[in-house]
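K.L.:
Attaching a predicted model along with its sequence, questions to come.
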Amino acid sequence: MQKVEAIIRPEKLQQVKNALEEIGVIGMTTYSVQGRGEQKGLEFTHRAGKFRVDFLDKMKIDIVVKDALVDGVVEAILKTARTGETGDGRIFISPVARTLKVRTGEEEK
């Protein structure tokens, strides 16, 4: 199993969720997060002068899937979250050794 963590623009969350549902991936956890990367925040000019917002609002999605589904998940996220502009986000993939359902104790490897 693999954990796919995606950091995307907040306005792209519904599109990504819909694309994942289309390929049969329903379970996910989302978080509202703030961060910065190559975009380095945004600079605004106001009457009082210039100011910079260093950390921008993003959404983080965590998805744990079987190895065979990872490429489909990544493709769905890339296809729907990409705008082509700096700040589109990042995807991280890491192995998951074990998962257990809290309700039943059922384990999946």
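P.N.:
Happy to help now that I have it.
K.L.:
Report the secondary structure element holding E21.
P.N.:
According to DSSP states H and E, E21 maps onto helix 13-22.
K.L.:
List the contacts of that helix.
P.N.:
Residues from elsewhere that reach helix 13-22, judged by Cβ atoms under 8 Å, 6 or more residues apart in numbering: 6, 8, 26, 28, 30, 59, 61, 63, 73, 76-77, 79-81. Any C-beta I mention is one placed from the backbone N, CA and C, and that applies to glycine too.
K.L.:
Pull out the buried residues from stretch 87-101.
P.N.:
By neighbour count, with 16 or more other Cβ atoms under 10 Å as the criterion, the buried positions of stretch 87-101 are 87-89.
K.L.:
Quick check: mean pLDDT of that stretch?
P.N.:
The average pLDDT within stretch 87-101 is 95.
K.L.:
Start and end of it, how far apart?
P.N.:
35 Å (Cα to Cα, to the nearest Å).
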